[in-house]
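Enquirer: Provided below are the primary sequence and the corresponding predicted coordinates.
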Amino acid sequence: MEKASISIINSQSDQIEKESLNSKSESEINYVTEPATSVPKHDHRTKVQLIWENITYVIEKRNESTQILKGVSGQANPGELLVIMGNSGAGKTTLLNILAGRLKSLGEIKINGTVAINGTNIKDINFGYYSAYVTQEDILLPTLTTRESLLFSSKLRLPGTHEEHVQRVEKIIEDLKLTRVADNVIGSVTSKGLSGGERKRVCIGIELITEPLILILDEPTSGLDSFTAEIVVDLLLEQARKGRTVITTIHQPSSGVFSKFDRLVLMCEGNIIYQGRANESRKYFGKLGFKCPKLMNPADYFMRLLHVVDRKNISEDEKEKLKILVSAYSTTDPESEIIDPSELEHLANKIFKRPSTQMEQFKILFKRSNINSRRNPIFGRVKYMQAIVMAVLLDLTYNNIGTGYSSIQDRNGVLFVLTMMGGAFGSQNSSLSFPSELPLFFKETKQGLYSTISYYVAKSIAELPNLVMSIFLQALIIYWAVGLNNYDASKFFIFYAALLVLNVCGTGIGYIVGALFHTETSAMIAEPIFVIPFLLFAGQFANVDRIPIAFRWVQYISPFKYGFEALCINEYTDLNLPCQNCDSDDCTKCDPLDDLAFYDSLGESFLYNIIIIIVFRIIAYLLLWITAVRVKR
Ligand SMILES: Nc1ncnc2c1ncn2[C@@H]1O[C@H](COP(=O)(O)OP(=O)(O)OP(=O)(O)O)[C@@H](O)[C@H]1O
C-alpha cells in the first residue's frame, strides 16, 4: 500500500468524538504524560491506526538468505477486527510479532520497513504502553483463581488503591462473562480447572486491564471447538467496537466465525495477496478465477488455494497461481482510511514509568508466590508427604537406637541418610520451582512489570514457610522415635536447625538448576548431575585419595559435608558411647567425631553452610537476571 494513497477521512462521528475530546481539559485527555494516575488510563475515544509499510524479514545463514516477509504493507483500523490468515509458514506469526514490536533485527535476522501508529514510528515510543499482546499459549499461574489472576495483574500493571483494582477486575470479569468461574482455579493439564475458552478469556482479560488501544492476539482460537472459538471472536469484536484496534491471526475459522471478521489479510509465502473487507474476499477471488463453491466455508477454500506442498520445491502450477495472486494484489488499491496523525502526536517521546516501586512489586509478588506455594502440590502437599514418609521409614529402621556400641554405626547411618535427603529433596523440589513459572516471569518481565530482584526475593521468601514447617515435622518425628542424642531435648533445636540449613542449601542448588534449565523436564534430568558431585566429592562418603585431584576442592563448597558434620557434632558431643561391645561401666569411651575426622566446630559447620546458601542464591539470581536480560532483548 502506498502511503500517498492513504487519505484522511474524518467521518462525522469522528468529528463529534474529536469535538467532545477537545472540550475536555488537557489533563484528562493527555493520559500519556500522566501515567501514574488512577483508572481509566486510556481514553477509549482515542483511536489508533496501525500502519505497516514495506516490511521485510530476512534470515541470513551461512551465505544463504531466506526472505520470510517480502515487503508487505497494510493497515489495521480502530473499531475493527483485522484477521491475518494464510498457509502454514506464510509468515503470519512473524508479521504479527513485528507489528507488536516483539521482533527486532538481531544476528542473522534482518528486519526492514516501518510500523507506525497514527504517524508515529513504534520504535520512538513505548509501544507496549498502548498495545497488548496475547500469546498463543495461555501463560497463567495454574494455582490462582480467575479473580486472583486478574487482581494480581492489575496491581502489577497499574497504580491505585485496592478498591480501585477490585472494581476494575470485577468489571472485566463481567465484560468477559467470567462471573461463573471467577473463583475457580485456572488449573493445568494435570489439575482440572477452567476450560480452554475460559482460560483464553482470562488471558485476554489480563491484557485488557491496562485498557490498551491496540490488542494483538496470536491464534486465540487454537485448540478451541468452533462454538468456543466463536465466543472468543465475539469478545474480540466487542473490544473492537469499543474503539480498539484488534489484530489477530486465526487458523481454521468455521464459516460462522469467518463471517464475523471485519477485515482480512491473506498471506501466502511471505506476500499479502488480499487485504480488505472479509465479506468481499470471496468476490475478489472469484473475479480472479478462483471461485469458492457456494456451500464451502471461504476460510477452508482460501487455505486450500494458498496451500504449498513443498516450500523448497514449489511446483510450476503453484508458482503460476502465486504469480497471479501476487500481481493481482499489487494492482488492487486496498481500502484506505486513516486517522488524523495529529491526534496522537503526544505519543512521541513518551517515557514509560513502572507502575509500582520495588517494595510494592515485592509485596504483590510475595502475596502471589505465597498463594502459589500453598496451593502448588510440589511446594505444599508433596513436600509434607516426602518429609513425613521418609521420617516414618527412618523410624521403622532406626527406632529406639539405644546407646550401645552398634548404635554408632546406626547413628552415622541415620544422620547420613538425613543429610542426603535434606540436600537432595530440597534441590529436587526447588529445581522445578522456576521452570513452572518461567513463561509467566518472562512475559511479565518483558512487559517491564517488575524487576528480577523483586520477583526472586519474593519467591524465595514465600517458599520458605512450607520448608520450615515440613522439616520441623520430619525432625520432630525422627528425633524422638529414633532416640537421637539419647532423647536430649536441648539438642533437638540444633538438630532441626542443621537439617533446615541443609535443606535451604539444597533449594539453592535447585534454584541454580531451575534458572539454567528452563523446562521442568530438563531441570528434572539435570538436577542429579548438579547434586551428586557435591555428595560424592564431599570427602566423607569416599576416601579423599579416591577422589580425582581435580574435584577435591568440591568438598569445601559441599553443603552435604558441613550438614553431616553439624548433625554429627550435635549428636556425638557429650554422648558417651562404648567403643566395643561391653556391658560394664568402665568400657573404653569412643570418640566417633575423631573417627570421622571432623575438625570444624559446630558453629563453623553452620557458618559454612550459611555462606553456601548466600553464594548459591546469588548465583541463581545472576543466572535468572541474565536470562531475563536476554528475554527482554
Ligand atoms: N528465526 C527463524 N529462523 C528460521 N526460520 C524462521 C525463523 N522465524 C520464522 N522462520 C520461518 O519463517 C516461516 C514463517 O514462519 P511463521 O511462524 O511466521 O509462519 P506462520 O504463517 O505463522 O505459520 P503457522 O501457521 O504454521 O504457524 C516458517 O517457514 C518459519 O520456519
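Expert: Yes, it's here. Numbering: from 1, shown residues only.

Enquirer: Any idea how many residues pack against the nearest residue to L516 once chain neighbours are set aside?
Expert: Of all residues beyond its chain neighbours, the one nearest L516 is L623 (5.8 Å), with distances taken as CB to CB, 6 or more residues apart in numbering. Backbone N, C-alpha and C define where each C-beta goes, glycine included. When neighbours are defined as other CB atoms under 10 Å, L623 has 17 of them.

Enquirer: who touches L623 in this structure?
Expert: For L623, the contacting residues are I512, A515, L516, by CB atoms under 8 Å, 6 or more residues apart in numbering.

Enquirer: Distance of it relative to Y450?
Expert: Taken as CB to CB, to the nearest Å, the spacing of L623 relative to Y450 amounts to 18 Å.

Enquirer: Pull the residues that contact stretch 491-503.
Expert: Residues outside stretch 491-503 that contact it (CB under 8 Å, 6+ apart): 418-419, 422-423, 425-426, 467-468, 471-472, 474-476, 479, 484-485, 559-560, 563, 566-567, 570-571, 602, 605-606, 609-610, 613.

Enquirer: From those, which land in helices?
Expert: If you go by DSSP state H, the contacts of stretch 491-503 have 418-419, 422-423, 425-426, 467-468, 471-472, 474-476, 559-560, 563, 566-567, 570-571, 602, 605-606, 609-610, 613 in helices.

Enquirer: Show the residue spans covered by the strands in the chain.
Expert: In the chain, strands defined by DSSP state E lie at 50-61, 64-76, 81-86, 109-117, 120-121, 131-134, 214-218, 245-249, 263-268, 271-277, listed in chain order.

Enquirer: List only buried entries from the ones in helices among the contacts of stretch 491-503.
Expert: By the neighbour-count criterion of 16 or more other CB atoms under 10 Å, the ones in helices among the contacts of stretch 491-503 include these buried positions: 418-419, 422-423, 425-426, 467, 471, 474-475, 559-560, 563, 566-567, 570-571, 602, 605-606, 609, 613.

Enquirer: what's the closest non-adjacent residue to I509?
Expert: In space, not counting the residues next to it along the chain, I509 is nearest to S427; the distance is 4.2 Å by CB to CB, 6+ apart.

Enquirer: same thing with N77?
Expert: With CB to CB, 6+ apart as the criterion, N77 has its nearest non-adjacent residue at 5.5 Å, and that residue is Q49.

Enquirer: what do you get for T419?
Expert: In this structure, T419 finds its nearest non-sequential neighbour in F564, 4.3 Å apart by CB to CB, 6+ apart.

Enquirer: quick one, what contacts the closest residue to the ligand within the stretch 501-633 of the chain?
Expert: As assessed by CB to the nearest ligand atom, the ligand sits closest to R633 within the stretch 501-633 of the chain, at 14.0 Å. Taking CB under 8 Å, 6+ apart, we find R633 in contact with K104, L106.

Enquirer: For the remainder of this discussion, apply numbering that starts at 895.
Expert: With 895 as the first residue, the last one maps to R1527.

Enquirer: contacting residues for the residue nearest to T1313?
Expert: Listed by CB under 8 Å, 6+ apart, the contact partners of F1458 are L1309, F1310, T1313, A1432, Q1434.

Enquirer: Pull up the gap between I1507 and Y1350, please.
Expert: Separation of I1507 from Y1350 (CB to CB) stands at 14 Å.

Enquirer: same deal with T1142?
Expert: As for T1142, its distance to Y1350 is 34 Å (criterion: CB to CB).

Enquirer: S982 too?
Expert: Between S982 and Y1350 the distance is 39 Å, computed by CB to CB.

Enquirer: Have a look at these two and say which one is more surrounded.
Expert: Summary of the neighbour comparison: S982 and Y1350, criterion other CB under 10 Å, with Y1350 having more neighbours (23 against 11).

Enquirer: buried set for stretch 1331-1344?
Expert: Within stretch 1331-1344, the residues that qualify as buried are E1331, L1332, P1333, F1335, F1336, K1337, E1338, T1339, Q1341, G1342, L1343, Y1344, counting by 16+ other CB under 10 Å.

Enquirer: any low-confidence regions in this structure?
Expert: Within the chain, the set of residues satisfying pLDDT under 70 comprises 895-939, 1224-1250, 1474-1483.

Enquirer: and the nearest residue to S1327 once chain neighbours are set aside, what does it touch?
Expert: The shortest distance from S1327 to any residue that is not its chain neighbour, by CB to CB, 6+ apart, is 5.7 Å, and that residue is G1408. Listed by CB under 8 Å, 6+ apart, the contact set of G1408 reads S1324, S1325, L1326, S1327, F1328, P1329, L1332, A1417, A1514.

Enquirer: and which of those is nearest to the ligand?
Expert: Distance from the ligand was checked for each of those by CB to the nearest ligand atom. The minimum falls on L1332, at 20.5 Å.

Enquirer: Near the ligand, which residues of the protein are found?
Expert: I953, I962, G980, S982, G983, A984, G985, K986, T987, T988, I1003 (CB under 6 Å from any ligand atom).

Enquirer: follow-up on the earlier one: so how far is Y1502 from the residue nearest to T1313?
Expert: From F1458 over to Y1502 the distance is 12 Å, taken as CB to CB.

Enquirer: Can you name the residues that contact K1071?
Expert: Applying CB under 8 Å, 6+ apart to K1071 gives the contacts R1095.

Enquirer: contacting residues around stretch 1126-1135?
Expert: By CB under 8 Å, 6+ apart, the list of residues contacting stretch 1126-1135 reads 973-975, 1069-1070, 1091, 1094-1095, 1098, 1102, 1109, 1111, 1114-1115, 1118, 1140, 1142, 1144, 1147, 1151, 1154-1156.

Enquirer: taking those one by one, which sit in helices?
Expert: Among the contacts of stretch 1126-1135, the members falling in helices (DSSP H) are D1069, G1091, K1094, R1095, I1098, L1102, V1151.

Enquirer: measure the last one to I1066 for me?
Expert: Relative to I1066, V1151 is positioned 23 Å away (criterion: CB to CB).

Enquirer: Now do the contacts for the closest residue to F1184 other than its chain neighbours.
Expert: The spatially closest residue to F1184, leaving aside those adjacent along the chain, is L1199, at 5.6 Å (CB to CB, 6+ apart). For L1199, the contacting residues are F1179, F1184, K1215, taking CB under 8 Å, 6+ apart as the criterion.

Enquirer: Narrow the contacts of stretch 1126-1135 to those that are buried.
Expert: Buried residues within these, defined by neighbour count using 16+ other CB under 10 Å: 973-975, 1070, 1091, 1094-1095, 1098, 1102, 1109, 1111, 1114-1115, 1118, 1140, 1142, 1144, 1147, 1151, 1154-1156.

Enquirer: In contact with the nearest residue to E1421 once chain neighbours are set aside: list those residues for me.
Expert: The spatially closest residue to E1421, leaving aside those adjacent along the chain, is S1325, at 4.3 Å (CB to CB, 6+ apart). Residues touching S1325, when contacts are defined by CB under 8 Å, 6+ apart, comprise I1403, G1404, Y1405, V1407, G1408, F1411, A1417, M1418, A1420, E1421.

Enquirer: Helices - which of the residues you listed land there?
Expert: When DSSP H is applied, those are split such that I1403, G1404, Y1405, V1407, G1408, A1417, M1418, A1420, E1421 fall in helices.

Enquirer: How many residues are close by S1267?
Expert: Each residue near S1267 was counted by other CB under 10 Å, and the total is 22.

Enquirer: Next, count neighbours for the closest residue to it other than its chain neighbours.
Expert: Spatial nearest neighbour of S1267, excluding adjacent residues (CB to CB, 6+ apart): F1273 at 4.1 Å. Counted with other CB under 10 Å, the neighbours of F1273 add up to 25.

Enquirer: Test my guess that F1273 contacts S1263.
Expert: No - with contact defined as CB atoms under 8 Å, F1273 and S1263 do not form a contacting pair (9.3 Å).

Enquirer: Return every residue with contacts to both of those two.
Expert: Contact criterion CB under 8 Å, 6+ apart; residues shared by F1273 and S1263: E1357.

Enquirer: Now L1332: closest residue in space, sequence neighbours ignored.
Expert: Distance criterion CB to CB, 6+ apart; nearest residue to L1332, sequence neighbours excluded, is H1412 at 5.3 Å.
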